[in-house]
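Visitor: Let's see this in three dimensions:
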Amino acid sequence: MSPASTPSLSVSQLQRQVRAQQEEIARLHRLMEKKEAQWEAAKQSLFEQLKLAIEGRFGPSTEKYRVEQGDLLINEAEVAVDEEEVSAQDDTVDAPVESHQPAKRRTRGGRVALPPELPRVEVVHELPEDARHCHHDGTELKEIGKEISEELHVVPARIEVIRHVRIKYGCPDCEEGVQIAPAPAKLLPKSNASPTLLAYVATAKYQDALPLYRQSQIFARHGIEIPRNTLARWMVQVGERLMPLVEALRQH
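Guide: Prediction:
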């Protein structure tokens, strides 16, 4: 059939074709996400089975064989692996290790005292005024001392948005000479993650062994949707930005 005899499609037909293609793309995208989730779950299950097998063979306290994320992965930011510690089931007691640090001060009951450098919030508990009288003769009671006890309190992490407002100035007599305050420097230019957030994610991932997919779940509980692949991309980009510093440290 020649090009001249090819029937032309109407605008409505073209729109229907576009919608059909968009629906197919969306369906394939959902299928891909489902397959990825299944693959992730299977991978985590296999890794846990491997850890349990190794722990069962060598024991939880041996140094003969250790499985760490660094032994199995080249770049942990690209493939997040959950590495939960398997609790020991025996009653073995580790040998005491000599320490050169000063012993921590203990309370009378044997409990380690809370660090004195931590900030203190004092909550005073007073008797009601109508209870400050002697039960025997009704004389007004006088303060004779205090009883102080301490408990450790944790303030949950607070997520906030830093809004950068850049003030613009312009000449009131003409349209020339508009000036605006410079934008703050960003570690990742095209990202809305602050340096503090990036440091938080990196510390949780590489220092505390908290996988990226779990961090994504934690953020979701706070109402913040940060996909795991976004966190991984951030870590890769931060690593690239820090390479000059790493090379400088290696030379010294």
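
Visitor: where do the helices sit along this structure?
Guide: 11-58, 69-72, 195-202, 212-221, 228-251 (DSSP state H).

Visitor: angle of the longest one against helix 212-221?
Guide: When you say that, I think you mean helix 11-58. Angle between the axes of helix 11-58 and helix 212-221 is 120 degrees (criterion: axes from the mean of the first three to the mean of the last three Cα atoms, to 10 degrees).

Visitor: could you give the mean pLDDT of helix 11-58?
Guide: For helix 11-58, mean pLDDT rounds to 81.

Visitor: and what of the shortest one?
Guide: Mean pLDDT, taken over the full extent of helix 69-72, equals 44.

Visitor: could you dump the helices of the chain to TSV with distance to Val154?
Guide: In this view, the C-beta of every residue, glycine as well, is placed from N, C-alpha and C. As requested, the helices of the chain are exported to TSV (distance: least, Cβ to Cβ, whole Å):
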stretch	distance to Val154
helix 11-58	28
helix 69-72	27
helix 195-202	16
helix 212-221	15
helix 228-251	24
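
Visitor: export the ones you listed to CSV and tack on distance to Pro184 and mean neighbour count?
Guide: Output for the helices of the chain, formatted as CSV (distance: least, Cβ to Cβ, whole Å; neighbours: other Cβ atoms under 10 Å):
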stretch, distance to Pro184, mean neighbour count
helix 11-58, 35, 11
helix 69-72, 34, 12
helix 195-202, 10, 16
helix 212-221, 23, 16
helix 228-251, 16, 14
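
Visitor: Minimum distance to Asp137: which of the ones you listed has it?
Guide: helix 212-221 (58.1 Å; Cβ to Cβ).

Visitor: Run through who's touching the closest one.
Guide: 40, 77, 80, 82, 159, 201, 204-205, 225-228, 231-232, 235 (Cβ atoms under 8 Å, 6 or more residues apart in numbering).

Visitor: next one: that helix to chain centre, how far?
Guide: 7 Å (Cα atoms, centre = their mean, to the nearest Å).

Visitor: Could you do stretch 240-249 as well?
Guide: The answer for stretch 240-249 is 23 Å, by Cα atoms, centre = their mean.

Visitor: for stretch 156-173, same thing?
Guide: Worked out by Cα atoms, centre = their mean, stretch 156-173 lies 26 Å from the chain centre.

Visitor: State the mean pLDDT of it.
Guide: With pLDDT averaged residue by residue, stretch 156-173 scores 91.

Visitor: Need the distance between the two termini of it.
Guide: 52 Å (Cα to Cα, to the nearest Å).

Visitor: ok, and what's touching it?
Guide: Contacts for stretch 156-173 (Cβ under 8 Å, 6+ apart): Gly177, Val178, Gln179, Ile180, Ala181, Pro182, Ala183, Pro184, Ser194, Phe219, His222, Ile224.

Visitor: ok, Leu187 to Arg27 distance?
Guide: Note on Leu187: its distance to Arg27, by Cβ to Cβ, to the nearest Å, is 37 Å.

Visitor: sorry, back to before: so which of the helices of the chain gets nearest Gly138?
Guide: Taking Cβ to Cβ, helix 212-221 is the member of these nearest to Gly138, at 55.4 Å.

Visitor: tilt between the closest one and helix 228-251?
Guide: Helix 212-221 runs at 120 degrees relative to helix 228-251, counting by the same axes, to 10 degrees.

Visitor: Run the angle between helix 212-221 and helix 195-202 for me.
Guide: Using the same axes, to 10 degrees, helix 212-221 lies at 130 degrees relative to helix 195-202.

Visitor: And the strands in the stretch 101-250 of the chain?
Guide: Listed in chain order, the strands of the stretch 101-250 of the chain (DSSP state E, counting those that start in this stretch) span 168-169, 179-180.

Visitor: Check which strands are paired with the first one and give the direction for each one.
Guide: Partner strands for strand 168-169, per DSSP bridges, with pairing direction: strand 179-180 (antiparallel).

Visitor: what about the partner strand, average pLDDT?
Guide: 92.
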